[in-house]
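*Asks:* Below is the structure, and that's it, no one-letter string:
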């Protein structure tokens with residue numbers, strides 16, 4: 001990713017790829033809510049940024065004016081590449097989503113819990129005696145990569161390739177269109193081969209089940225099928241490892257919350273929801289396809305909107321003490337999994353992975369902090385979370 005021009009004013013020149021946003025976006029959102037709750041920039045060929053929960057929600061529930069066909073804000077608009085159903089609008093969206101929903105119910109993901117727990121224990125075994133690890137690279141990033149590969153029936157040994165794809169698409173590719181298109185082509189080739197294998201020898205994995213699925217009585221096209229499988233890989237990995245890394249970062253830097261959670265494991269469900277609210281990883285885009293007005297701000301057709309669910313979740317008008325992380329927060333209608341018709345299908349899986357990963361970590365490593373002099377790096381782009389998280393423990 002090339003160096004970004006400095007931001008002159010976040011209200012009129014915002015850039016979510018700028019270093020200030022990557023390191024600490026919260027003061028930016030707080031400032032904008034006070035003076036310009038729907039910002040605009042001429043970057044990205046024109047884009048809007050709502051930072052109030054109500055405005056984000058209204059846009060997310062309005063596919064008539066805000067299309068999902070482009071979900072990543074880039075310096076240059078690229079040819080459309082389908083990742084159904086997240087890039088689909090009504091009416092196509094409904095049938096595509098219906099195909100996936102039964103695969104991610106609580107009952108469907110329950111059999112994976114024991115496997116996730118075993119995976120977490122094995123990862124911890126690999127570094128606990130050293131008294132130190134990179135909580136992001138050695139733990140958080142490993143878990144969803146292996147789990148998603150397991151569910152899709154592909155090799156977890158390709159984890160490094162999956163990470164490269166995600167980085168190329170969501171970070172480096174923001175200002176490198178050729179890299180994005182090469183990565184899309186590489187992913188399509190990989191999954192077309194996987195689909196061909198399942199057609200020859202069907203199994204019980206998600207790819208096999210999607211091949212068997214029908215929408216209005218008809219099988220999905222190869223383009224639709226491969227796009228859906230690519231979505232499951234991307235959505236299932238980067239978002240969850242970013243959320244888990246943020247959980248570990250918080251517990252490493254907030255000893256009181258860590259010790260309280262260790263002493264009272266019954267707090268885990270509310271703690272996970274609060275971590276999701278406070279450190280929501282996902283920022284997604286919409287394309288304005290018809291002129292409209294939201295929150296008193298006119299939206300011009302042809303421009304983009306950056307929907308920061310993280311900003312919405314820090315809105316004090318929607319959450320009391322929004323800037324505080326309260327692991328016993330009782331009422332928590334956060335938007336970490338999105339809002340509207342595209343709310344995350346894999347939310348039950350993500351919650352399970354986060355819960356199990358934190359339970360197993362705290363059971364074995366109840367005391368840990370950032371390593372002395374640690375440099376924590378946060379990802380740029382559509383999904384925010386720690387990419388480097390040096391931790392030490394007794």
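*Replies:* Arrived safely. All values reported here derive from a predicted model rather than from experimental measurement. Numbers count the residues shown, from 1 in each chain.

*Asks:* quick one: low-confidence parts of the chain?
*Replies:* For the chain, applying pLDDT under 70 flags the ranges 1-2.

*Asks:* Quick check: most distant residue from the centroid of it.
*Replies:* residue 200 (33.1 Å; C-alpha atoms, centre = their mean).

*Asks:* List the backbone torsions phi and psi for that residue.
*Replies:* The phi/psi pair for residue 200 (degrees, to the nearest 10) reads phi -80, psi -40.

*Asks:* Kindly provide the distance from it to residue 211.
*Replies:* 11 Å (C-beta to C-beta, to the nearest Å). For the C-beta atoms, the positions are set from N, CA and C on the backbone; glycine is no exception.

*Asks:* Same question for residue 178.
*Replies:* Applying C-beta to C-beta to residue 178 and residue 211 gives a distance of 32 Å.

*Asks:* for the stretch 201-350 of the chain, what spans make up the helices?
*Replies:* Along the stretch 201-350 of the chain, counting by DSSP state H, counting those that start in this stretch, helices occupy 206-212, 222-253, 255-263, 268-278, 309-312, 347-364.

*Asks:* Show me the one of the ones you listed that comes nearest residue 32.
*Replies:* With C-beta to C-beta as the criterion, residue 32 lies closest to helix 309-312 of the helices of the stretch 201-350 of the chain, at 8.2 Å.

*Asks:* Any buried residues in that closest one, and which?
*Replies:* 309-312 (16 or more other C-beta atoms under 10 Å).

*Asks:* just checking, what packs against it?
*Replies:* In terms of contacts (3 or more C-beta pairs under 8 Å, 6 or more residues apart in numbering; DSSP states H and E), helix 309-312 is packed against helix 53-60, strand 283-288.

*Asks:* Let me have these in a markdown table, adding distance to residue 184 and mean neighbour count as columns.
*Replies:* Shown next, in a markdown table, are those (distance: least, C-beta to C-beta, whole Å; neighbours: other C-beta atoms under 10 Å):
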| stretch | distance to residue 184 | mean neighbour count |
| --- | --- | --- |
| helix 53-60 | 25 | 22 |
| strand 283-288 | 17 | 22 |
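
*Asks:* Just put those in JSON lines and tack on distance to residue 267.
*Replies:* Compiled in JSON lines, the helices and strands packed on helix 309-312 are given as follows (distance: least, C-beta to C-beta, whole Å):
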{"stretch": "helix 53-60", "distance to residue 267": "25"}
{"stretch": "strand 283-288", "distance to residue 267": "28"}
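
*Asks:* how about residue 84, phi and psi?
*Replies:* Per-residue torsions, residue 84: phi -70, psi 150 (degrees, to the nearest 10).

*Asks:* same question but for residue 386, I mixed them up
*Replies:* For residue 386, the backbone dihedrals are phi -70, psi 130 (criterion: degrees, to the nearest 10).

*Asks:* who touches residue 143 in this structure?
*Replies:* Listed by C-beta atoms under 8 Å, 6 or more residues apart in numbering, the contact partners of residue 143 are 116, 119-120, 123, 240-241, 244, 353, 357.

*Asks:* do that again at 10 Å, thanks
*Replies:* Contacts for residue 143 were tallied using C-beta atoms under 10 Å, 6 or more residues apart in numbering; they are 116, 119-120, 123, 237, 240-241, 244, 353-354, 356-357, 360.

*Asks:* rewinding a little: give me the more crowded residue out of residue 178 and residue 211.
*Replies:* residue 211 (16 against 9; other C-beta atoms under 10 Å).

*Asks:* which residues sit in contact with the nearest residue to the more buried one once chain neighbours are set aside?
*Replies:* Counting by C-beta to C-beta, 6 or more residues apart in numbering, residue 211 lies nearest to residue 198, which is 5.5 Å off, once chain neighbours are set aside. Contact analysis of residue 198 by C-beta under 10 Å, 6+ apart lists 153, 205-212, 225.

*Asks:* Can you give me the buried ones in stretch 40-47?
*Replies:* 40-41, 43-44, 47.

*Asks:* Could you list the residues in contact with it?
*Replies:* Residues contacting stretch 40-47 (C-beta under 10 Å, 6+ apart): 4-5, 7, 9-18, 39, 48-49, 72-77, 174, 285-288, 297, 299-300, 302-306.

*Asks:* Try it again at 7 Å.
*Replies:* 12-15, 48, 73-75, 77, 303-306 (C-beta atoms under 7 Å, 6 or more residues apart in numbering).

*Asks:* Pull out the buried members of the residues you listed.
*Replies:* Burial by neighbour count, judged by 16+ other C-beta under 10 Å, picks out 13-15, 48, 73-75, 303-306 from the contacts of stretch 40-47.

*Asks:* Tell me if I'm right that residue 71 and residue 284 touch.
*Replies:* Yes - taking C-beta atoms under 7 Å as the definition, residue 71 is a contact partner of residue 284 at 5.2 Å.

*Asks:* All the strands of the stretch 1-150 of the chain, residue numbers only.
*Replies:* Assigned by DSSP state E, counting those that start in this stretch, the strands in the stretch 1-150 of the chain fall at 38-41, 47-50, 66-67, 132-134.

*Asks:* Distance to residue 255 added to those, as TSV?
*Replies:* Formatted as TSV, the strands of the stretch 1-150 of the chain follow (distance: least, C-beta to C-beta, whole Å):
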stretch	distance to residue 255
strand 38-41	36
strand 47-50	34
strand 66-67	42
strand 132-134	18
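
*Asks:* if I've got this straight, residue 195 is in a strand?
*Replies:* No - counting by DSSP: H, G, I helix; E, B strand; the rest coil, residue 195 is located in no strand; its state is helix.

*Asks:* count of neighbours near residue 237?
*Replies:* Residue 237: 24 neighbours (other C-beta under 10 Å).

*Asks:* what does stretch 294-304 contact?
*Replies:* Under C-beta under 7 Å, 6+ apart, the answer for stretch 294-304 is 37-38, 44, 46-48, 50, 52, 55, 58-59, 70, 73, 285-293.

*Asks:* sorry, that was for stretch 323-340
*Replies:* 26, 56-57, 60-61, 250, 257, 260-261, 267, 270-271, 273-274, 276-278, 280, 282, 309, 312-314, 343-344, 347.

*Asks:* do stretch 307-318 as well
*Replies:* Identification of contacts with stretch 307-318 by C-beta under 7 Å, 6+ apart yields 26, 29, 33, 49, 51-53, 56, 59-60, 277, 280, 282-286, 319, 322-323, 334-336, 338, 384.
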